[in-house]
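S.K.: Sequence first, predicted coordinates after that:
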Amino acid sequence: MLPIRTPVGLSGLTAAAALRRAPLKGWKSVEKESSIPHTAAEREAQHALKMGLPGASSITDKSIPTFSRGELPHFAGILTFMKAPYVEDITQVGKYDAAVVGAPFDGGTTYRSGARFGPQGIRKISALYSPYNFELGVDLREQMSLCDCGDIFNIPANIEKTFDQITNAVGHIAQSGAMPVVLGGDHSIGFPTVRGVAACTSKKIGIIHIDRHLDISEKDHDERMHTTPFFHATNIPNVPAKNLVQVGIGGWLVDRSAFPVIRERRPTIFTIQDIQEYGPEKVMEMALDRAWDGVDAVWLSYDIDSIEAAFVPGTGTPEPGGLLPREALKMVSMAAREGICGMEIVEVSPPYDHADITSLMALRIVVEVLGSLVSCGKMGAHKHILDREFKPF
């Protein structure tokens, strides 16, 4: 048996004391947890007992109701996003810091459809999670307010009418002051979502677009498909093309018809090779610098196919060689630290998924963004740009 070696400088200390003095992030998270209140959790438990009746007398834990209400158990209950309150009266959405809304539309796909089931898939697996993150030391239930608005009524056979519906929904949420979190849907929704926020402000908006594909063609199959959102988004007067930053681009599914547009509008493009050479942190530093240059807010558009296809099989146009999950989480966390005016997660196609792993990754992207916003004190930082009344399309 090899002898146990005492680390230099730790002789005479107990193991527990040594851990407390060592610069371990885990111990810092343990200490940070003690500062987070339990107020919202206790309120939720009391509400569950009131609405769901007290549990059987044989049950020792008296916080357990007869009918499942609230977070627990994870395998039961009505599937809103992370068991957040469902806001049936959409005029009340402004009472919340962030509002999740589904855009179940895949009429813009050009290969494998199924993204219309993305919101359902993400909500389903979201029941797995608790609102607390160990590394960030953040509890979303205690430190912010989140609601689920349900889904936008899309018109399956009409792209343009659906775009108007999505713009009106996102514009209504944005104008209320709640930050829109859109669950797609294919990436064609990337135009009407940005249009909804841009219509609420005279200020300029940049876009961080993380994807394997450029999605900046003018048309595809003679329509505004999922390959075209950022051509049309950067036609909006207060969404400058120079503040469009595209991260993760590459592979064998890049449409050459987009290149004249790129040369004319000159967005910033980072490939996977750039990320390999400079590292995800440096790339995001450069991306944020360009996206925020001369604008007042930034929209985050995340395509799940930006991640290595082995990790996200449930998507319409998979492309091997993409981001690793840890790289993706690091990058969206950094994007959120500066504050965003909203986000979308797109191209989750549950019919092609295995064991919900793609939906789970999409969920993790969203909660990583929310957690980073809370941790950095940036939740709600976008509200200062809301200086224009939204007029529905």
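M.R.: Great, that's in hand. Numbering: from 1, shown residues only.
S.K.: Strands of the stretch 251-393 of the chain, start to end?
M.R.: 268-271, 297-303, 342-346 (DSSP state E, counting those that start in this stretch).
S.K.: To Ala335, which of these lies closest?
M.R.: Among these, the nearest to Ala335 by CB to CB is strand 297-303 (5.5 Å). (Each C-beta comes from the backbone N, C-alpha and C, glycine too.)
S.K.: Return the list of strands paired to that closest one, each annotated with direction.
M.R.: strand 205-210 (parallel), strand 342-346 (parallel) (DSSP bridges).
S.K.: next one: that strand to chain centre, how far?
M.R.: 9 Å (CA atoms, centre = their mean, to the nearest Å).
S.K.: average model confidence for it?
M.R.: Mean pLDDT, strand 297-303: 98.
S.K.: what comes into contact with that strand?
M.R.: Identification of contacts with strand 297-303 by CB atoms under 8 Å, 6 or more residues apart in numbering yields 187, 190, 193-194, 197, 201, 203-213, 215, 229, 243, 288, 291-292, 332, 335-336, 338-347, 365, 369, 382, 385.
S.K.: that older thread, tell me which of the strands paired with strand 297-303 approaches Glu223 most closely.
M.R.: Of the strands paired with strand 297-303, nearest to Glu223 by CB to CB is strand 342-346, at 17.0 Å.
S.K.: For that closest one, give the mean pLDDT please.
M.R.: Strand 342-346 carries an average pLDDT of 98.
S.K.: those helices in the stretch 201-350 of the chain, which residues are they?
M.R.: Residue ranges of the helices in the stretch 201-350 of the chain, as given by DSSP state H, counting those that start in this stretch, are 229-233, 259-265, 272-278, 280-291, 325-337.
S.K.: got a markdown table for those helices, with mean neighbour count, mean pLDDT and distance to Val100 too?
M.R.: Formatted as a markdown table, those follow (neighbours: other CB atoms under 10 Å; pLDDT from 0 to 100; distance: least, CB to CB, whole Å):
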| stretch | mean neighbour count | mean pLDDT | distance to Val100 |
| --- | --- | --- | --- |
| helix 229-233 | 25 | 96 | 20 |
| helix 259-265 | 13 | 94 | 31 |
| helix 272-278 | 15 | 97 | 28 |
| helix 280-291 | 19 | 98 | 23 |
| helix 325-337 | 20 | 97 | 15 |
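S.K.: Figure out which of those helices is closest to Lys25.
M.R.: Lys25 lies closest to helix 325-337 among the helices of the stretch 201-350 of the chain, at 14.1 Å (CB to CB).
S.K.: Would you mind extracting the C-alpha trace of the closest one into CSV?
M.R.: Extracted C-alpha coordinates of helix 325-337, given in CSV (Å, rounded to 0.1, in the frame of the first residue of the first chain):
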residue,chain,number,x,y,z
PRO,A,325,-21.7,20.8,-23.7
ARG,A,326,-19.3,22.5,-21.2
GLU,A,327,-18.1,24.9,-23.8
ALA,A,328,-21.7,25.8,-24.7
LEU,A,329,-22.7,26.4,-21.1
LYS,A,330,-19.6,28.5,-20.5
MET,A,331,-20.4,30.7,-23.5
VAL,A,332,-24.0,31.3,-22.8
SER,A,333,-23.2,32.1,-19.1
MET,A,334,-20.7,34.7,-20.3
ALA,A,335,-23.2,36.2,-22.7
ALA,A,336,-25.8,36.6,-19.9
ARG,A,337,-23.3,38.2,-17.5
